[in-house]
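A.B. asks: need a structure here:
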Amino acid sequence: MHSIPSANDAPRSSTARVAFATVIGTTIEWYDFFIYGTAAGLVFSQLFFEPAGKSMGLVLAFATVGISFVFRPVGAFLAGHFGDRLGRKSMLVATLLMMGLSTSLIGLLPTYGTAGILAPILLVALRILQGISAGGEWGGAVLMAVEHAPADRRGRAGSFPQLGVPLGMVLAAGMTALMTGVVAPGDAYLEWGWRIPFLLSIVLVGVGYYVRRAVDESPVFTALTQRKERVKAPIATLLRRHWVLVVLAALVFAGNNAAGYMTTGGFVASYATDPDGPVGLGRTPVLVAMTGAAAVWAVTTYLGGYLADRIGRKRTYIVGYVCLMVTVVPVFFLVQSGSALLLFVGLAVFTIGLGLAYGPQSAWYAELFPASVRFSGVALAYALGAVLGGAFAPMIATALTAATGSVQSVSAYLMVMFVIALAATLSLRDRPGIDLTSEQEPPSVPAATMFGNAGSGREVRVAETV
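C.D. replies: Next up is the predicted model:
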């Protein structure tokens with residue numbers, strides 16, 4: 001009989017090496033993703049959509065941000081299938097290379113003034129590749145971290161790939177601030193400076209590739225392979241047996257993702273730096289404020305993972321969403337203040353709830369799904385949550401502000417997203433410490449009954465015995 005490896009058998013050095021590999025890789029992935037969102041808010045409307053005019057050009061630039069989210073489920077389907085069939089590690093390497101290559105090529109694109117309509121077409125095509133990569137990246141990273149970790153440290157271990165998002169934001173905003181403030185200020189950034197952060201991606205990907213190739217495969221996947229319990233069609237099995245879990249888990253994430261892309265992504269940068277708008281700050285001070293806020297977000301994300309091991313994943317999420325609800329109105333008053341310092345304060349306070357409702361996600365998602373379809377489950381739930389939450393959030397915010405004349409309409413939109421996400425959070429059961437190699441199926445419960453439980457405020461127990 002084979003000896004089945006487990007996370008508890010792994011030496012601490014191995015767990016630390018996996019955590020380092022996941023945070024390095026996800027930081028690079030999200031640097032690539034955020035560098036696009038920042039450039040879209042600052043210059044893409046002029047470089048690729050100039051004939052549409054200033055306002056519509058900005059809407060179209062933000063629409064390209066959303067298009068990548070639409071293709072995230074494609075990446076989740078592909079990476080989920082092959083991640084459950086071939087392993088977590090191979091998908092980590094493949095998605096990293098795809099993201100790095102597409103990002104670097106964006107830095108080489110001709111603009112509309114040079115290539116006409118071909119320029120935005122190529123931009124959208126490369127953005128789609130970014131979306132496919134991002135859709136597959138997260139699931140593999142979190143499972144490598146959580147499935148290697150001891151049961152009592154899954155929240156903290158799972159927070160490391162989550163840290164890649166705020167750290168990627170720090171790197172992206174910091175690099176852009178360096179370009180706009182030092183290397184290529186003024187028109188130089190518009191002419192050529194915006195390309196440098198994209199081209200830098202190829203160097204970062206080389207580092208990430210080297211680190212990720214050195215880690216071992218997940219012990220949970222190794223156990224499934226030894227027991228010959230891998231399923232032939234993981235996505236089909238997932239959607240047939242656990243589709244309600246996928247939907248609820250996606251809604252849990254949607255509110256957080258909407259907040260992240262609305263405030264720390266391209267919308268705030270665009271709104272605060274619009275020379276004809278009510279704020280009128282310079283690019284560099286806004287980017288510095290966003291960099292500082294993203295650093296706070298990283299700290300609170302790790303705090304969220306730590307609290308997830310202490311008080312539970314679900315309770316930490318509830319605290320996080322309550323914090324977001326309390327701060328969502330004040331943050332936009334501070335954004336409107338015209339002060340870069342107050343902008344930083346507002347965003348930093350807002351990221352407290354953002355981190356608490358993000359740090360526990362890896363561990364909670366991993367514990368929701370059976371081992372043989374876990375990659376598919378976490379990847380698809382995350383991708384759908386991103387589509388529902390962040391896909392067109394900057395575009396929606398721009399349209400709402402233009403239609404109402406007030407940025408507080410964005411606060412109302414986010415509040416609705418938080419209420420939906422909190423309701424989904426309350427509908428799911430917390431299951432820390434379960435055996436992640438378990439293939440015990442959840443009980444068969446009619447979908448209508450499950451949604452009835454959710455609607456009445458009772459927890460959905462569909463995954464209680466997975």
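A.B. asks: Ile35 touches Pro197, doesn't it?
C.D. replies: Yes. Counting by C-beta atoms under 8 Å, Pro197 is a contact partner of Ile35 at 4.8 Å. Placement of C-beta: from N, CA and C, glycine included.
A.B. asks: Between the two, which contacts overlap?
C.D. replies: Taking C-beta atoms under 8 Å, 6 or more residues apart in numbering as the criterion, Ile35 and Pro197 both touch 172, 175-176.
A.B. asks: Where does the prediction get shaky in the stretch 101-250 of the chain?
C.D. replies: The model of the stretch 101-250 of the chain has pLDDT under 70 over residues 227-231.
A.B. asks: sorry, back to before: neighbour count, distance to Lys89 and secondary structure added to the shared contacts of Ile35 and Pro197, as a markdown table?
C.D. replies: What follows is these, written out as a markdown table (neighbours: other C-beta atoms under 10 Å; distance: C-beta to C-beta, whole Å; DSSP: H, G, I helix; E, B strand; the rest coil):
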| residue | neighbour count | distance to Lys89 | secondary structure |
| --- | --- | --- | --- |
| Ala172 | 27 | 26 | helix |
| Met175 | 21 | 29 | helix |
| Thr176 | 28 | 32 | helix |
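A.B. asks: Name the nearest of those residues relative to Pro185.
C.D. replies: Closest to Pro185 out of the shared contacts of Ile35 and Pro197 is Thr176 (11.9 Å), distances taken as C-beta to C-beta.
A.B. asks: Could you tell me which residues make contact with the closest one?
C.D. replies: Per C-beta under 8 Å, 6+ apart, neighbours of Thr176: 35, 38-39, 42, 197, 283, 287.
A.B. asks: Now for the residues you listed: which two are most distant?
C.D. replies: Going by C-beta to C-beta, the pair spanning these furthest: Ile35 and Arg283, at 14.2 Å.
A.B. asks: Neighbour count: those two, which is higher?
C.D. replies: Ranked by neighbour count (other C-beta atoms under 10 Å), Ile35 and Arg283 place Ile35 first, with 26 against 22.
A.B. asks: Excluding chain neighbours, give the residue nearest to the more buried one in space.
C.D. replies: Ala172 (4.4 Å; C-beta to C-beta, 6 or more residues apart in numbering).
A.B. asks: In the protein, which helix is the longest?
C.D. replies: Among the segments of the chain that qualify as a helix by DSSP state H, the longest is helix 118-148.
A.B. asks: buried stuff in that helix?
C.D. replies: 119-120, 122-123, 126-148 (16 or more other C-beta atoms under 10 Å).
A.B. asks: Relative to the whole chain's centre, how far out is it?
C.D. replies: 10 Å (C-alpha atoms, centre = their mean, to the nearest Å).
A.B. asks: from what I can see Ala294 touches Ala173, true?
C.D. replies: Yes. Between Ala294 and Ala173 there is a contact at 6.2 Å, judged by C-beta under 8 Å.
A.B. asks: out of those two, which sits in the more crowded spot?
C.D. replies: Neighbour totals were compared for Ala294 and Ala173, and Ala173 leads with 29 against 26 (other C-beta under 10 Å).
A.B. asks: Which helix or which strand is home to that one?
C.D. replies: Ala173 belongs to helix 154-178 when assigned by DSSP states H and E.
A.B. asks: Next, the angle from that helix to helix 118-148.
C.D. replies: Note on geometry: by axes from the mean of the first three to the mean of the last three C-alpha atoms, to 10 degrees, helix 154-178 and helix 118-148 are set 150 degrees apart in direction.
A.B. asks: can you list contacts of the very next helix or strand once past helix 154-178?
C.D. replies: Following helix 154-178 in sequence order, the next helix or strand is helix 187-188 (DSSP H and E). Around helix 187-188, nothing counts as a contact under C-beta under 8 Å, 6+ apart.
A.B. asks: just checking, next helix/strand downstream of helix 187-188?
C.D. replies: With elements assigned by DSSP H and E, the helix or strand that comes after helix 187-188 is helix 195-199.
A.B. asks: Next, the buried residues of that following helix.
C.D. replies: 195-198.
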